[in-house]
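Enquirer: Below are the sequence and a predicted model; questions follow.
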Amino acid sequence: MKSESENMKENIQSQNTKERSTGSSQSKILTIPNLLSFFRLCLIPVFMWLYCVERNYLWTGIILIISGLTDTVDGIIARKFNMISDLGKVLDPIADKVTQAAMLFCLLTRFPLMIAPLALMVVKEFFMGVTGLLVIQKTGKVFGADWHGKVNTWLLYAMMIIHVFWYNIPDVVSKVLIGICVVMMLISLVLYGRHNLKALRETGTVK
């Protein structure tokens, strides 16, 4: 039988081991998810050149699909193999948003209404960036994407891919798809805003 003091020592050692393990995983840089996020950033000039210069919509759509799939894969790998890192929590959404903004800008050359989701994205990301930095500064925590953020991402990818492949998409279908994305972006903005403002209230930053 182990004494109470021995049990306490083992518990403390076990806790310290877990904390070191968690800390190391949070500070990792060269992980597969992070490399996939960087790969997505490298794909941006490729599909912009294909769409705006070469006007090769087939390969533009293929590259965009590959980008969307890597976004899903890196999240699965990060969770399953404990490769979640603070860098990944920042790099992954940056890769997503820059990819989406770049593709919306390309589509804007053919579909003027793309200005609506593009402008809303700029407003949303500015607001989320400012409040997110305040949360990190006050709490030291980097929050990952919530369900509505992921839904918003996939809706945007789906809408953009459809517009890329469906060259002669009917105007009414285009407007409906763009409208759905705008509504989801507004919902995501409100929910993320409430989340970040709540975190700031708990630290006393916002009253």
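Expert: Yes, it's here.
Enquirer: Leaving out chain neighbours, which residue sits closest to Ile32?
Expert: Ile77 (5.3 Å; CB to CB, 6 or more residues apart in numbering). C-beta here means a position set from N, CA and C on the backbone, and glycine is covered the same way.
Enquirer: gap between the one you found and Trp147?
Expert: 19 Å (CB to CB, to the nearest Å).
Enquirer: sorry, back to before: I'd like to know how far the residue nearest to Ile32 sits from Asn152.
Expert: According to CB to CB, Ile77 and Asn152 sit 22 Å apart.
Enquirer: Relative to Cys52, how far out is the residue nearest the centre of the chain?
Expert: When the chain is reduced to its mean C-alpha position, the closest residue under CA atoms, centre = their mean turns out to be Pro93, at 2.8 Å. Using CB to CB, Pro93 is found at 25 Å from Cys52.
Enquirer: ditto for Arg201
Expert: 44 Å.
Enquirer: picking up where we left off before, let me know whether the residue nearest to Ile32 touches Met83 as I believe.
Expert: Yes: between Ile77 and Met83 there is a contact under CB atoms under 8 Å: 6.1 Å.
Enquirer: Overlap of the contact sets of these two?
Expert: Both Ile77 and Met83 are in contact with Ile32, Pro33, where contact means CB atoms under 8 Å, 6 or more residues apart in numbering.
Enquirer: before we move on, the earlier item: averaged pLDDT, the helix or strand the residue nearest to the centre of the chain falls within. What do you get?
Expert: Under the criterion DSSP states H and E, the helix or strand holding Pro93 is helix 86-108. Mean pLDDT, helix 86-108: 89.
Enquirer: Quick one: list the elements packing against that helix.
Expert: The helices and strands touching helix 86-108, judged by 3 or more CB pairs under 8 Å, 6 or more residues apart in numbering; DSSP states H and E, are helix 32-48, helix 57-80, helix 115-139, helix 147-165.
Enquirer: Name all residues that make contact with the closest residue to His148 other than its chain neighbours.
Expert: With sequence-adjacent residues excluded and distances taken as CB to CB, 6+ apart, His148 is closest to Ser188, at 4.5 Å. The contact partners of Ser188, by CB under 8 Å, 6+ apart, come to Lys124, His148, Gly149, Val151, Asn152.
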